[in-house]
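[1] structural data only, the sequence is not supplied:
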């Protein structure tokens, strides 16, 4: 079953290979998305700032400026840090996937890929982005110093906003809604990434690592339960 994207769902496709650019653009447009394109890193950064797309499909092997560098600059800029990113890579090596996820990619897809799978991955990421917007504006969830405003899709710690990617937000929200209970990695993949449980669980570990870093001392609330997964404690970490 497919769903029609919201009118505001603009996707920026970044790839220097014209045939792949045309293929991805065609299938996304056919599925109802508004699509813009870029062939280089600097073009992608300008388009991201000017158009603020809901999601960027980003090839890692770009001329001059790699996709990794583009992703780092996107995440470092407050104007673009919240844009979802789906990496495209011809490299199947785990270190490349880990690097992309650690920088802040929401998902990755290796070439050659199925255009239908790419469209499904884009839809899954954007549903995570929209999950908070559908809640009541007064729907506040507080765990220790962490406050999650599900209506505004915002996270703050002691009054200071924390910039999270859509996937990081959905991961934190899932752990917070089930605080005190261990969440298996495979279950988190199914819930947050909408992925089959045979997808590599390393994806979860990298996102938890980035989430802890962004939460600062409050990141200590996310406990690793060895051999199982993760749990968000309800109590505030004790001061040293």
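    Received the coordinates, thanks. None of these values were measured; they are calculated from a predicted model.
[2] please count neighbours and contacts with C-alpha atoms only from this point.
    OK.
[3] pull out the buried residues from the lengthiest helix in the chain.
    The longest helix of the chain (DSSP state H) is helix 115-131. Within helix 115-131, the residues that count as buried by 16 or more other Cα atoms under 10 Å are 115, 118-129, 131.
[4] measure the residue nearest the centre of the chain to residue 30 for me?
    Closest to where the C-alpha atoms of the chain average out (Cα atoms, centre = their mean) is residue 106, at 2.8 Å. Residue 106 sits 23 Å away from residue 30, going by Cα to Cα, to the nearest Å.
[5] ok, residue 162 next?
    35 Å.
[6] ok, residue 101 next?
    Residue 101 is 28 Å from residue 30, by Cα to Cα.
[7] give me the more crowded residue out of the two.
    residue 101 (23 against 11; other Cα atoms under 10 Å).
[8] and the nearest residue to that one once chain neighbours are set aside, how many neighbours does it have?
    Distance criterion Cα to Cα, 6 or more residues apart in numbering; nearest residue to residue 101, sequence neighbours excluded, is residue 206 at 6.2 Å. Neighbour count for residue 206, taken as other Cα under 10 Å: 18.
[9] starting at the chain centroid, how far to the helix-or-strand element of the chain with minimal mean pLDDT?
    Lowest on mean pLDDT, DSSP states H and E among the helices and strands of the chain sits helix 94-103, with a mean of 75. Taking Cα atoms, centre = their mean, to the nearest Å, one finds the center of helix 94-103 at 13 Å from the center of the full chain.
[10] and if you look at stretch 41-57?
    For stretch 41-57, the distance to the chain centre is 15 Å (Cα atoms, centre = their mean).
[11] list the buried residues of that stretch.
    For stretch 41-57, by 16+ other Cα under 10 Å, it's 41, 44, 45, 47, 48, 52, 53, 54, 55, 56, 57.
[12] so which pair among these is furthest apart in space?
    41 and 54 (17.7 Å; Cα to Cα).
[13] just the residues contacting stretch 32-47, thanks.
    Where contact means Cα atoms under 8 Å, 6 or more residues apart in numbering, the residues beyond stretch 32-47 that reach it are 4-17, 21, 25, 28-29, 62-67, 70, 73-74.
[14] go again using 6 Å as the cut-off
    5, 9, 10, 11, 12, 13, 14, 15, 16, 65, 70 (Cα atoms under 6 Å, 6 or more residues apart in numbering).
[15] and stretch 204-213, by the same measure?
    Contacts for stretch 204-213 (Cα under 6 Å, 6+ apart): 102, 219.
[16] which strand or helix spans residue 72?
    According to DSSP states H and E, residue 72 maps onto helix 67-76.
[17] so how far is that helix off the chain centroid?
    The answer for helix 67-76 is 13 Å, by Cα atoms, centre = their mean.
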